[in-house]
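Participant: got a predicted structure here, sequence first:
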Amino acid sequence: MLKKVFFFLLVVFSCFGLSAKDKKAVIIIVDGIPKDVIERLHVPVIYDIARTGAFGASYVGGETGMYNETPTISAVGYNTMLTGVWANKHNVFGNSNLSPNYNYWSLFRIAKEQKRPLMTGIFSSWTDNRTVLIGEGKNETANLQIDYVRDGYDHDSVNYPKKEKDLQIFDYDERTSTEAAKCIRENAPDLSWVYLWYTDDASHMYGNGSYFDEYILKAGEQIARIWQAVQYRQKNFGEDWMIIVTTDHGRTIDGHNHGGQSARERATWIATNQKVNKRFREGKAAMVDINPTVCEFLGMEVPDQVRWERDGIPFIGKTEIHDLVLSTYDREVILRWTADKKNAPVKIYAAPCDEYKTSGKENWILLADLNAGAEEFRYDLDKIGQSNFYKFVVVSQHESLNRWLVL
């Protein structure tokens with residue numbers, strides 16, 4: 001009898017072991033390609049990745065005319081992806097003179113703060129992505145270290161001398177994508193970020209047209225190298241990989257520029273091999289959603305203080321609450337949201353200042369504890385004192401939705 005019990009337990013544990021696949025994630029940003037161009041060219045690798053997941057609309061730029069309006073500029077978009085917050089929080093508003101607020105943790109900081117060891121990799125044509133935006137080795141990021149680094153090509157004028165049409169940048173991307181594919185195939189970091197640059201330069205120079213199209217398709221070949229490495233890991237090591245491919249901004253109508261709030265400059269896209277939720281399918285995804293999505297997929301624990309500041313929610317899994325809207329009537333604040341899970345418990349907090357910006361901690365005041373199905377909460381601001389600034393957060397088990405009120 002004991003032998004039978006032992007054999008049964010052995011089979012059960014073996015089955016659990018086989019089903020518990022290691023999860024890995026890689027994010028690829030290919031610079032400055034509007035959604036309409038990807039759709040017109042039907043870039044093969046993008047749709048191949050999306051075959052088991054989805055390809056859909058997303059946006060950058062925050063909310064036009066609101067406190068979180070964010071420039072549609074490259075480094076701004078990268079940092080929005082990394083931190084899951086808009087520029088009013090992460091403090092990157094352009095491509096130069098960068099001064100990120102590291103109190104808003106990047107995905108790489110979150111990964112390195114986990115109890116279990118997670119290996120990280122960055123493969124980038126622009127070194128500042130690691131040294132400035134991620135802040136590797138800085139006191140403000142707890143001396144964060146990246147395990148696999150393949151960058152610095154933009155500082156190597158010997159091996160990458162300047163070429164006509166800035167094609168040395170295309171050479172950076174060739175090296176970056178090759179090194180990323182090799183490292184993923186051989187080492188499989190748990191979290192990786194790949195950045196490809198040249199498509200942005202091609203469009204700045206020539207705008208909409210055949211040259212831009214040509215180099216988008218060549219970038220597709222670079223992405224395909226990485227996708228093939230991911231597929232190799234899935235097939236030969238039984239790992240469960242999430243791949244996300246996106247862009248950092250769209251472009252003006254003529255294709256030459258970006259940075260403003262026009263519809264085409266804000267119009268981006270996301271392709272992933274993982275199943276997405278209803279909110280993604282409805283075209284509501286944003287750049288700020290990538291951080292919480294990757295955290296959710298990798299099962300990373302995020303401290304409440306960090307999580308409650310994020311402006312996005314996961315685009316995988318079922319949502320409990322979403323689309324928080326704040327309005328006022330005299331001194332009364334009205335918070336309204338949409339609840340997909342009506343009986344989910346939610347807590348509502350407020351703060352009459354922004355301590356988090358300078359200290360990385362907020363003194364939240366609990367206002368209410370109710371079910372998500374209420375979908376509305378009203379509060380008299382006089383109860384927490386006079387201020388010209390308030391912040392609110394509605395927290396469920398899996399989501400946190402925050403809004404600012406600037407008077």
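Facilitator: Cool, the structure landed.
Participant: checking my notes, residue 313 in a helix, right?
Facilitator: No. Looking at residue 313 with DSSP: H, G, I helix; E, B strand; the rest coil, it is coil, so not inside a helix.
Participant: could you measure from it over to residue 21?
Facilitator: To residue 21, residue 313 is 24 Å away according to Cβ to Cβ, to the nearest Å. The way it works is simple: take the backbone N, C-alpha and C, and place the C-beta from them, glycine included.
Participant: when these two are compared, which one has more neighbours?
Facilitator: Ranked by neighbour count (other Cβ atoms under 10 Å), residue 313 and residue 21 place residue 313 first, with 29 against 12.
Participant: grab the nearest non-local neighbour of the more buried one.
Facilitator: Excluding the flanking residues, the one nearest residue 313 by Cβ to Cβ, 6 or more residues apart in numbering is residue 399, at 4.7 Å.
Participant: likewise for residue 223?
Facilitator: Distances taken as Cβ to Cβ, 6+ apart put residue 45 closest to residue 223, at 4.9 Å, once the chain neighbours are dropped.
Participant: the one you found sits in which helix or strand?
Facilitator: Assigned by DSSP states H and E, residue 45 belongs to helix 44-49.
Participant: given the following helix or strand past that helix, what are its sheet partners and their directions?
Facilitator: The helix or strand immediately downstream of helix 44-49 is strand 54-59, counting by DSSP H and E. Using DSSP bridges, strand 54-59 pairs in its sheet with strand 267-272 (antiparallel), strand 285-286 (parallel).
Participant: counting contacts, what elements does the longest helix seen in the chain pack onto?
Facilitator: Longest helix in the chain, counting residues (DSSP state H): helix 210-237. Helix 210-237 sits against strand 23-30, helix 35-41, helix 44-49, helix 167-186, strand 191-196, helix 198-206, strand 240-246, with contacts defined as 3 or more Cβ pairs under 8 Å, 6 or more residues apart in numbering; DSSP states H and E.
Participant: and the angle from the fifth one to strand 240-246?
Facilitator: Translated: strand 191-196. Put simply, strand 191-196 runs at 30 degrees to strand 240-246, going by axes from the mean of the first three to the mean of the last three Cα atoms, to 10 degrees.
Participant: contacting residues around strand 191-196?
Facilitator: 24-31, 78, 82, 107-108, 111, 118-126, 129, 148, 173, 176-177, 180, 183-184, 219, 222-223, 226, 294, 298 (Cβ atoms under 8 Å, 6 or more residues apart in numbering).
Participant: and if you look at the longest one?
Facilitator: By Cβ under 8 Å, 6+ apart, the surrounding residues in contact with helix 167-186 are 26, 121, 123-125, 148, 150-151, 153-154, 160-163, 189, 192, 194-198, 201, 215, 218-219, 222-223, 225-226, 228-230, 232-233.
Participant: I am finished for the moment; much appreciated.
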